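Colleague: Sequence first, then the predicted structure:
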Amino acid sequence: MENKLFIYNTLNRKKELFEPINASHVGLYVCGPTVYGDAHLGHARPAITFDLLFRYLTHLGYKVRYVRNITDVGHLVNDADEGEDKIAKKARLEELEPMEVVQFYTDRYHKDMDDLNVRKPSIEPRASGHIMEQMAMIDQLLANGFAYESNGSVYFDVEAYSKKYDYGKLSGRKIEDLISNTRELDGQGEKKNSFDFALWKKAAPEHIMRWPSKWSDGFPGWHMECSAMSQKYLGEEFDIHGGGLDLQFPHHECEIAQSTGAHGHEAVHYWMHNNMITINGQKMGKSLGNFITLSQMFSGENDVLEQAYSPMTVRFFMLQAHYRSPLDFSNDALKAAEKGFKRLMTALATLNKINVSETSTIDAEELTGKCYDALNDDLNTPILIAHLFDGVKTINALAAGNAKIDANNLEKLKTLYQKLIFDVLGLKAEEEANTSNEMLDKVISLLLTTRNEAKKNKDWATADRIRDELTNLGIVVKDTKDGFEWEINK
Ligand SMILES: Nc1ncnc2c1ncn2[C@@H]1O[C@H](COP(=O)(O)OP(=O)(O)OP(=O)(O)O)[C@@H](O)[C@H]1O
Ligand SMILES: [Zn+2]
């Protein structure tokens, strides 16, 4: 397969030709959600970005193993080593078992992902199911002298590590700066240095999520799960690790340190980071309380929303921006995406009705080349979509009889649009659901109008039968002075 895909590697801060370890296979790991609340618009960004990558690599012919985890233990409220576990806190507030919270929000996350047409990863491991693997890696780090035990907890020894390796290489932080910024805090508590991070934490008596270990009854640190699970399913060295830009430090920096410290070499060849969804210029975040959940986006039930936005509108909105650019939420931008998506889908329907000519004024090959060049340039979807819209002008010109296309070019154009729109961008037609809803509306209105006519004719038997039969189907009919109202009894 001819390989021209360049991806921006955060580690080296440049676009690099993608060369997998094994010519035909790709290992991809992406940090998934911490499941203690509904997914918001921000969470859709890494999901869609790496779904696009998964789809494009598959389209290019690679066999991809895509691992996206579920964090169900170890992610503490302040993202550092202190505070309550995010899941445990939610469980306490809701009076539920932590794993009930996890199951509830994991199911809801899956529903949102299905709506957005995000393909399921090949493996979706949970942190709590991989405690043994995490403990084994901590053992390795202790044996290699990059970790120390303190009062039943185990910490990563950043200073010892940085004598041999480069701590901060991903995020660009300098260990000297970390040392000088934190000096006053050090020498207190369990850690040698305040920038050391937890690999294993001894659980306080009230902490529910705990596992026995040789160090203490406790739980693993948040960064540990991704190192242990990526290694388990993709090997000590693998191709691509993705996640949001906000995870670069400390999460991914710590992952690099853990893997390098345990194995003597780095695990990941290409680090990819999606930029943030912002709202009024600020990161949309659960902790900041400025989020719109995905189900609110789809139903319109949030005061910030001027209308509901369908899942494909949301997906198109994301794809119209490059994944490394920040993207600000606005009703106007979403409305524009809604229009754009519809225009593209209408053009696709038009394309399927175009007649063939003997000659062609259109060169499908040229457009195909431009589209793939955009994708190969670090998944430049805004440029790709601009080319697809140029093609829409051509399609409309063909439909209007202002251009000609031969069978060969028409076939190529159809294949290009089908493959890129459905397989790679992962868009899908949405009319179907709407059509069946609209159809149901019309059929019920027809029945109820017939019922009103029956009532006018004093044909009470027919009127009652229509109402009763609808009630049996779960449709509640209310007579009003203007006619009728109805609703489906859920
Ligand atoms: N506003 C956002 N824009 C883009 N990606 C985001 C945004 N918020 C979270 N993510 C990404 O979603 C993934 C899951 O993150 P996680 O569940 O840890 O969210 P979080 O950090 O708890 O969110 P929050 O900051 O809202 O509490 C991560 O890759 C993270 O980078
Ligand atoms: Zn992670």
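Modeller: Arrived safely. Ligands and ions are numbered 1, 2, ... in the order given.
Colleague: Can you name the residue of the stretch 51-200 of the chain nearest to ligand 2?
Modeller: residue 69 (6.6 Å; Cβ to the ion). Every residue, glycine included, has its C-beta placed from N, CA and C.
Colleague: what does this protein put close to ligand 1?
Modeller: Selection of the chain residues close to ligand 1 by Cβ under 6 Å from any ligand atom yields 31, 33-34, 42-43, 45-46, 243-244, 246-247, 276-277, 283-287.
Colleague: picking up where we left off before, with adjacent residues omitted, what lies nearest to the residue of the stretch 51-200 of the chain closest to ligand 2?
Modeller: Leaving out its chain neighbours, the residue that sits closest to residue 69 by Cβ to Cβ, 6 or more residues apart in numbering is residue 32, at 4.6 Å.
Colleague: With residue 151 instead?
Modeller: Leaving aside its chain neighbours, residue 151 sits nearest to residue 190 (5.2 Å; criterion: Cβ to Cβ, 6+ apart).
Colleague: if I look at whatever residue of the chain ends up closest to ligand 1, how far off is residue 377?
Modeller: Ligand 1 sits closest to residue 244 of the chain, with a gap of 1.8 Å, by Cβ to the nearest ligand atom. From residue 244 across to residue 377, the span is 22 Å (Cβ to Cβ, to the nearest Å).
Colleague: Same question for residue 221.
Modeller: Following Cβ to Cβ, the distance that separates residue 221 from residue 377 is 37 Å.
Colleague: Who has more neighbours out of those two?
Modeller: Using other Cβ atoms under 10 Å, the more surrounded residue of residue 221 and residue 377 is residue 221, with 24 against 17.
Colleague: Can you identify the element that follows the helix or strand of the chain with the lowest mean pLDDT toward the C-terminus?
Modeller: Ranking every helix and strand in the chain by mean pLDDT, DSSP states H and E puts helix 175-182 at the bottom, with a mean of 71. Note on helix 175-182: by DSSP states H and E, the next helix or strand toward the C-terminus is strand 198-202.
Colleague: so how far is that next one off the chain centroid?
Modeller: The chain centroid and the centroid of strand 198-202 are separated by 28 Å under Cα atoms, centre = their mean, to the nearest Å.
Colleague: CA-only coordinates of it in CSV, if you can.
Modeller: What follows is strand 198-202, C-alpha atoms only, in CSV (Å, rounded to 0.1, in the frame of the first residue of the first chain):
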residue,chain,number,x,y,z
ALA,A,198,1.2,8.3,42.9
LEU,A,199,1.5,4.8,41.4
TRP,A,200,-0.4,3.2,44.3
LYS,A,201,-2.3,5.0,47.0
LYS,A,202,-3.1,3.5,50.4
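Colleague: Check which helices and strands that strand is in contact with.
Modeller: Identification of packing neighbours for strand 198-202 by 3 or more Cβ pairs under 8 Å, 6 or more residues apart in numbering; DSSP states H and E yields helix 131-143, strand 153-156, strand 218-220, helix 222-234.
Colleague: List the buried residues of the first one.
Modeller: Translated: helix 131-143. 131, 133, 134, 135, 137, 138, 139, 141, 142 (16 or more other Cβ atoms under 10 Å).
Colleague: Could you do stretch 356-374 as well?
Modeller: In stretch 356-374, counting by 16+ other Cβ under 10 Å, buried: 357, 360, 362, 364, 367, 368, 370, 371, 372, 374.
Colleague: check contacts around the residue of the chain closest to ligand 1.
Modeller: Counting by Cβ atoms under 8 Å, 6 or more residues apart in numbering, residue 244 makes contact with 31, 42, 45, 46, 273, 274, 276.
Colleague: please redo it, this time with the cut-off set to 6 Å
Modeller: Listed by Cβ atoms under 6 Å, 6 or more residues apart in numbering, the contact partners of residue 244 are 46, 274.
Colleague: how much space between it and residue 418?
Modeller: Applying Cβ to Cβ, the value for residue 244 to residue 418 is 31 Å.
Colleague: next one: residue 216
Modeller: Counting by Cβ to Cβ, the separation of residue 216 from residue 418 is 57 Å.
Colleague: Compare the two (neighbour count), which wins?
Modeller: Of the pair residue 216 and residue 418, residue 216 is the one with more neighbours under other Cβ under 10 Å, namely 18 against 13.
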